[in-house]
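Student: Predicted model and sequence follow; I will ask about them next.
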Amino acid sequence: MSEVGWVPGRAVRDTERGRPMRKEPGVVDRSNPSRARAPIVTLVLGVLVATCVGMVTMGGPPASGAPTTDVGAFVRVNQVGYPSADAKRAYLLASVPETGASFVLSNGSTNVFGAPIGADRGRWSAAFPHVYVLDFDGVTMPGTYTIEVTGPRAATSPPFRIGAGSAVDAGAIANALSFYRNERDGVPSPASPLPTRAGHLHDRNAMTYATPRYDDDSGEFRGSLHALGRRIDAAGGWWDAGDYLKFVETAGYTDAILLSGIRDFPAQMGAGSPSNFTREARFGTRWLLRMWDDRTRTLYYQVGIGEGNDTTAGDHDIWRLPQADDHYHRKDPTFRFIRHRPVFRAGPAGSPVSPNLAGRDAAAFAECFDVFRATDPTFAARCLRAAEHIFDLADTHPRGHLLTVIPFSFYPEQEWRDDLEWGATELALALDGGGLPHGLPHTDQRYYLRRAAHWAAAYIAGPNDAADTLNLYDVAGIAHPDLIRAIARGGHPAGLAVSKARLLADMRKALDAAVRLGRGDPFGFGFPWDVWDTTSHGAGLSVMASEYDQLTGTSRYAVYADRWLGNILGANAWGLSLIVGDGTVFPHCLQHQVANMRGSLVGSGPVLAGAAVEGPNSEPVSGLVDGMRRCPVHGVDRFAAFNGSGAQFRDNVQSYDNTEPAIDLTATSPLAFARQAAGIR
């Protein structure tokens, strides 16, 4: 959700580099007076200059995040904490050389470890040309600690924990669950931290439409929408991000990731855990099943429109709570698609399904069967039948843009072979274990193993192999390890198109590229700080590194799994956890309508805990929509002093490319925390 006329372009892919790149926001001039929107304005940055006066510290501010002053040195830590058995690294960000400095790790008034500061990893910015490592791997005693640096510029860290992974990560897993509860559309969860009233009830009887023509740059559709004369129940599901749109593209990915966590880490995310994701995953799966008419083999892929046009308002044109939409501006035709949201059909009954959507939906539905086969066999059977049916309709020779959402520029996915690998892999795993329902097109696990291996080989030989790491746009990082497990459970059948060794080599190719990239970054991060989806990639890298080591029985990437996750939890230049509520310093000014209108703007009251935001980017954007509560309240850019290496972070409600959370951005974080909590290294 962002300013009027925005072009989200989140994670727009640079096809030459295979990496997300920044896309300029579009500004659309619409003169319809009934829209009554504020003009886009540019926020005047509260950039703090000088070395001693006005320098913002994120070293250990009050819980509210109020700025304090310092003289140019800051300790950056993983604010969630460090599992006792894992690698432990913090960083000293300094404005001057810290030659001869040392640091002490303290538990209350007791010093438990001391050492000279480590190597200078180089320049972050003109203001901070030095970043030093502070390693304390040997400290394993559970407790709450701080780091104090003594040297030319003294500095103190915010408090952090050391302890068993189950204790350190439990709060972060619980926060992630609360985020998804808050993202529920329709009748909200009573456990939501920022409760709203029931909204979008008209989705229960929504008209379906053909995909319209649209302008991919502005996002506006052209002409009138063509109703198909069929209504469906499209209620429920999660809001995609800070807006109220619902997409199969992101919901299918998210649901499959969460279900894999429930299946593989029941003690951390399953029914017997303190943070039980099963109800939430069931909620997400039920919406996906509503969007797939299994009887007629028809896929519907989107609810609502983001950008309207000269005569029609879209979701991004207004700022409100979800319960306002069902009767928004009563009978004004400008807002007809706010009150009665259109549902878009992918194609006629039985027509081929874009392979990215077919693959990730098949993965989610197959995992649904695995998770619920014992507790709700009827629901599980429905999921497995849907998984096989939609996979059978996958278009294996797509042309032009994949079908993601409209406009395509919102989510411009390029790769699809990995999605088919993922779907076939999860189907192969689902068919192993008995209790299969009647009427399945395929019951032989080897049928799907062969297809999964075929698509894995096609991905590896394809144009985007290992060009990205685990996130919405590339799921090989979860498909490959699950395929390795499926091959083992299937008895290592002969004649498959890929082997365990080849799949591991491909994972290593992507991870080694991230390691090389980290060598050139003062904080060792394996992904660029100045492009889209920073947070999602950090968590995804941690999951991939942990997966590789688990499958190989090695610790080749163990330190990277810890450090990359730490990078998005405060061990970065800004001293900022990019997941709300995880740590002491996190974004307060989310571009999220409910969080902005109902939550705290200073971090000390109710917040959208667990929400992973976009993160730093090359140039934060600005723009107001009527109804936004301005944030920061006093207009101070508390992180401006720490921008560097082409990356900026502005904690401002207007900066969607920094502060907007989303269901797909958040999905890999509970999985990463669950792996740590389970002690998998």
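Tutor: It's in. Numbering: from 1, shown residues only.
Student: so what's residue 406 closest to, chain neighbours aside?
Tutor: Closest residue in space to residue 406, ignoring its immediate chain neighbours: residue 214 at 5.6 Å, by C-beta to C-beta, 6 or more residues apart in numbering. In short, each C-beta sits where N, CA and C put it, glycine included.
Student: got the contact list for the one you found?
Tutor: 220-222, 406-407 (C-beta atoms under 8 Å, 6 or more residues apart in numbering).
Student: Also residue 319?
Tutor: Residue 319 makes contacts with 1, 593, 596-597, 625-628, as judged by C-beta under 8 Å, 6+ apart.
Student: hmm, back to that, out of the contacts of residue 214, which are buried?
Tutor: 220-221, 406-407 (16 or more other C-beta atoms under 10 Å).
Student: What is the nearest of those residues to residue 81?
Tutor: Distance to residue 81, by C-beta to C-beta, is smallest for residue 407 among those, at 41.4 Å.
Student: quick revisit: can you list the contacts of residue 214 in TSV and add distance to residue 400 and pLDDT?
Tutor: Below are these laid out as TSV (distance: C-beta to C-beta, whole Å; pLDDT from 0 to 100):
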residue	distance to residue 400	pLDDT
220	20	85
221	18	85
222	17	85
406	14	94
407	14	94
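Student: any chance of these in JSON lines, plus distance to residue 639 and secondary structure?
Tutor: Below are the contacts of residue 214 laid out as JSON lines (distance: C-beta to C-beta, whole Å; DSSP: H, G, I helix; E, B strand; the rest coil):
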{"residue": "220", "distance to residue 639": "34", "secondary structure": "coil"}
{"residue": "221", "distance to residue 639": "37", "secondary structure": "strand"}
{"residue": "222", "distance to residue 639": "40", "secondary structure": "coil"}
{"residue": "406", "distance to residue 639": "34", "secondary structure": "coil"}
{"residue": "407", "distance to residue 639": "31", "secondary structure": "coil"}
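Student: tell me how far stretch 182-189 is from the chain's mean position?
Tutor: 19 Å (C-alpha atoms, centre = their mean, to the nearest Å).
Student: who touches it?
Tutor: Here stretch 182-189 has contacts from 181, 192-201, 203-204, 235-239, 244, 246, 283, 322, 594, 608, 663, using C-beta under 8 Å, 6+ apart.
Student: which one is the spatially most distant residue from the centre of the chain nearest to, not counting chain neighbours?
Tutor: Going by C-alpha atoms, centre = their mean, the residue of the chain most distant from its centre is residue 100, 40.5 Å out. Computed as C-beta to C-beta, 6+ apart, the closest residue to residue 100 that is not its neighbour in sequence is residue 151, at 6.2 Å.
Student: what's around that neighbour, how many residues?
Tutor: When neighbours are counted by other C-beta atoms under 10 Å, residue 151 registers 20.
Student: Please verify my assumption that it contacts residue 97.
Tutor: No - Residue 151 lies out of contact with residue 97 (C-beta atoms under 8 Å); the separation is 9.2 Å.
Student: Tell me if residue 671 really is in a helix.
Tutor: Yes - applying DSSP: H, G, I helix; E, B strand; the rest coil, one finds residue 671 inside a helix.
Student: isn't it right up against residue 259?
Tutor: No - with contacts counted by C-beta under 8 Å, residue 671 stays clear of residue 259, the gap being 10.5 Å.
Student: sorry, back to before: quick one: contacts for the residue nearest to residue 100?
Tutor: 73, 98-102, 117.
Student: so what's residue 550 up against?
Tutor: Taking C-beta under 8 Å, 6+ apart, we find residue 550 in contact with 481, 680.
Student: does it count as helix, strand or coil?
Tutor: Per three-state DSSP, residue 550 ends up helix.
Student: Distance-wise, check residue 98 relative to residue 571.
Tutor: 17 Å (C-beta to C-beta, to the nearest Å).
Student: These two: who's more crowded?
Tutor: For the pair residue 98 and residue 571, the greater number of neighbours falls to residue 571 (27 against 23), based on other C-beta under 10 Å.
Student: In three-state terms, how would the more buried one be classified?
Tutor: With three-state DSSP as the basis, residue 571 sits in coil.
Student: again with residue 527
Tutor: Once three-state DSSP is applied, residue 527 turns out coil.
Student: How far away from the center of its chain is the helix or strand that contains residue 92?
Tutor: Using DSSP states H and E, residue 92 sits in strand 89-94. Distance of strand 89-94 from the chain centroid (C-alpha atoms, centre = their mean) equals 26 Å.
Student: Now do the contacts for the spatially closest residue to residue 615 that is not a sequence neighbour.
Tutor: Closest residue to residue 615 apart from its sequence neighbours, by C-beta to C-beta, 6+ apart: residue 534 at 3.1 Å. Residue 534 is in contact with 527-528, 568, 578, 614-617, counting by C-beta under 8 Å, 6+ apart.
Student: Which of those residues sits closest to residue 675?
Tutor: For the contacts of residue 534, the residue nearest residue 675 by C-beta to C-beta is residue 568; the value is 14.8 Å.
Student: surely that closest one meets residue 577?
Tutor: Yes - in this structure, residue 568 is within contact of residue 577 by C-beta under 8 Å, at 7.4 Å.
Student: quick one, phi psi at residue 429?
Tutor: Phi and psi for residue 429, reported as degrees, to the nearest 10, are phi -70, psi -40.
Student: quick one: contacts for it?
Tutor: 366, 370, 482, 485-486, 489.
Student: Repeat that for residue 226.
Tutor: 209-210, 212.
Student: got a winner among these for most neighbours?
Tutor: That'd be residue 209 among the contacts of residue 226, by other C-beta under 10 Å, with 22 neighbours.
Student: Tell me the secondary structure at residue 628.
Tutor: coil.
Student: count of neighbours near it?
Tutor: Using other C-beta under 10 Å: residue 628 sits among 19 other residues.
Student: Let the chain start at 8 from now.
Tutor: Okay, using 8 as the starting number, the last item reads as residue 635.
Student: Tell me how far it lies from residue 342.
Tutor: Distance from residue 635 to residue 342, by C-beta to C-beta: 18 Å.
Student: And residue 431, by the same measure?
Tutor: Look at residue 431 and residue 342: by C-beta to C-beta, they are 43 Å apart.
Student: quick one, phi psi at residue 561?
Tutor: When read as degrees, to the nearest 10, the backbone of residue 561 gives phi -120, psi 180.
Student: Now do the contacts for it.
Tutor: Residue 561 sits next to residue 555 when contact means C-beta under 8 Å, 6+ apart.
Student: Kindly provide the distance from it to residue 555.
Tutor: Taking C-beta to C-beta, one finds residue 561 at 8 Å from residue 555.
Student: ok, residue 318 touching residue 339?
Tutor: No - applying C-beta under 8 Å as the test, residue 318 and residue 339 come out as separate, 11.1 Å apart.
Student: Low-confidence stretches in this structure?
Tutor: 8-78, 688 (pLDDT under 70).
Student: tell me the phi and psi of residue 624?
Tutor: Taking degrees, to the nearest 10 as the convention, residue 624 sits at phi -150, psi 180.
Student: Could you check how many residues crowd around the spatially closest residue to it that is not a sequence neighbour?
Tutor: Nearest non-adjacent residue to residue 624, counting by C-beta to C-beta, 6+ apart: residue 664, 4.6 Å away. Residue 664 has 28 neighbouring residues, counting by other C-beta under 10 Å.
Student: host element of residue 664?
Tutor: For residue 664, the host element (DSSP H and E) is helix 663-666.
Student: Also residue 493?
Tutor: Here residue 493, judged by DSSP H and E, is contained in helix 483-496.
Student: neighbouring contacts of that helix?
Tutor: 264, 267, 370, 425, 428-429, 432-433, 435-436, 439, 452, 455-456, 459-460, 463, 466, 473, 476-477, 500, 503, 505, 507, 510-511, 513-514, 517, 547, 550-551, 554-555, 557-558.
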